[in-house]
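**Q** using only what follows, build the 3D model:
(one chain, ligands or ions: 1)
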Amino acid sequence: MSQNKDYILGTNNEESKRLGLQHNVWKPYVLDCWQRAGITTGHKVVDIGAGPGFATIDLAEMVGETGEIYSIERSVNFTKSIMKLSSDRNHNNIKVFELDLIKDDLPEFKADFTWCRWVACFVSDPQKLIRKIGNMLNKSGVSIFFEYSDYSTWRLAPQNIAVESFVTEVMKSWRDTGGEPDIALILPTLLINFGFRISSVKPHVFCVRPNEFIWQWPSSFIETNLNRLLELGKVTIEWTMNVKNELKKAENNPNTYMITPMVLEIIAEKK
Ligand SMILES: C[S@@+](CC[C@H](N)C(=O)[O-])C[C@H]1O[C@@H](n2cnc3c(N)ncnc32)[C@H](O)[C@@H]1O
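**A** Got it, this is the predicted structure:
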């Protein structure tokens, strides 16, 4: 059953671990954004496409016992993970919904905030997603997105053709399954069309060397996604080995820089 609901990146333990590392890399920027957007004690927040629940847990801590987090996720592996994380940490303010954001009817709660990171890029109908998000919010409720606006900014200096071919393959694999990597380019217009006012739009791009913590985020994605692309039959073992070797060579050069795929942080208020 979980297999049928698996999306392009998969939902196995390796991917769950990678999402945990990714969350840790992004945590300072995310906490800063949540505070600027106004999330605080007592608020109700929906985590849209919550994955294994790392942001859900941080949100639960931020809103405290008087607040509430509604965590919506399609994959059973991930909903189980969210429930385990919340019971391990004794959070009684998290409600988990195992639902497809596009195909299923969503619960009729009204929240103060929605949080959506790296989910809109995978859905087949972003218009429907934004309409449903709007329906979940109170008047003046705030919707926050972290989504890519230019995935192809992901490059190495000195130039690394193998890593660039990997980035091209990833974008193709998302588009082949109905997603759009650069979805953030259309989000502001979609949000305005569905009755939101854009409060702020802010780009996040890192330029990091191999010995910096942030390097772990893109490099772990290459590691797990090479396996995934191979498992899905989208690439050959020779191509995979070449990308791995070229990345290793780049990592052995302390003066390599990695420019990460551009993420747009969008904060919008429901009018
Ligand atoms: C890259 S992960 C990001 C997870 C989490 N938002 C984070 O930032 O760590 C994308 C998540 O979106 C979920 N997802 C994708 N399409 C979905 C859909 N139609 N309905 C519900 N969840 C979906 C996937 O199962 C996965 O957990």
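**Q** can you pull out the strands in the stretch 151-271 of the chain?
**A** For the stretch 151-271 of the chain, strands defined by DSSP state E, counting those that start in this stretch occupy the ranges 155-157, 196-204, 207-208, 257-259, 262-270.
**Q** contact partners of the shortest one?
**A** Applying Cβ atoms under 8 Å, 6 or more residues apart in numbering, the external contacts of strand 207-208 come out as 214, 215, 257, 258, 259, 260. To be clear about C-beta, it is placed using only N, CA and C from the backbone, and glycine gets the same treatment.
**Q** please apply the same query to the fourth one.
**A** Taking contacts as Cβ under 8 Å, 6+ apart, the residues outside strand 257-259 that touch it are 153-157, 205-210, 215, 218-219.
**Q** now the lengthiest strand in the chain, how far from the centre of its chain.
**A** Secondary structure of the chain per DSSP state E: the longest strand is strand 137-150. The chain centroid and the centroid of strand 137-150 are separated by 13 Å under Cα atoms, centre = their mean, to the nearest Å.
**Q** and residue 88, how many neighbours does it have?
**A** Neighbour count of residue 88, defined by other Cβ atoms under 10 Å: 9.
**Q** over to it: give its phi and psi.
**A** The phi and psi values for residue 88, taken as degrees, to the nearest 10, are phi -60, psi -30.
**Q** so what touches stretch 151-159?
**A** 163-164, 167-168, 170-171, 181-182, 205, 218, 250, 256-262.
**Q** need the buried ones from those selected in ChimeraX.
**A** In ChimeraX syntax, the buried subset of the contacts of stretch 151-159 is picked out as below (16 or more other Cβ atoms under 10 Å):
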select :163,164,167,170,171,181,182,218,250,256,257,258,260,261,262
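**Q** that older thread, ranking the strands of the stretch 151-271 of the chain by burial, who's on top?
**A** Greatest average neighbour count among those goes to strand 262-270 (a mean of 22), per mean count of other Cβ atoms under 10 Å.
**Q** around the ligand, pick out the residues from the stretch 101-250 of the chain.
**A** Residues of the stretch 101-250 of the chain lying close to the ligand (Cβ under 6 Å from any ligand atom) are 101, 102, 117, 118, 119, 122, 123.
**Q** was I right about the fourth one contacting residue 179?
**A** No - counting by Cβ atoms under 8 Å, residue 118 does not reach residue 179; the two are 10.4 Å apart.
**Q** before we move on, the earlier item: format the strands of the stretch 151-271 of the chain as JSON lines; extra columns: mean pLDDT.
**A** Shown next, in JSON lines, are the strands of the stretch 151-271 of the chain (pLDDT from 0 to 100):
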{"stretch": "strand 155-157", "mean pLDDT": "98"}
{"stretch": "strand 196-204", "mean pLDDT": "98"}
{"stretch": "strand 207-208", "mean pLDDT": "98"}
{"stretch": "strand 257-259", "mean pLDDT": "98"}
{"stretch": "strand 262-270", "mean pLDDT": "98"}
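**Q** hmm, back to that, in strands, which of the residues of the stretch 101-250 of the chain next to the ligand fall?
**A** residue 117.
**Q** residues in contact with the residue of the stretch 151-271 of the chain found nearest the ligand?
**A** At 8.3 Å from the ligand, residue 179 is the closest residue in the stretch 151-271 of the chain, using Cβ to the nearest ligand atom. By Cβ under 8 Å, 6+ apart, the residues touching residue 179 are 8, 121, 122, 123, 124.
**Q** that's all I had, so thanks and see you.
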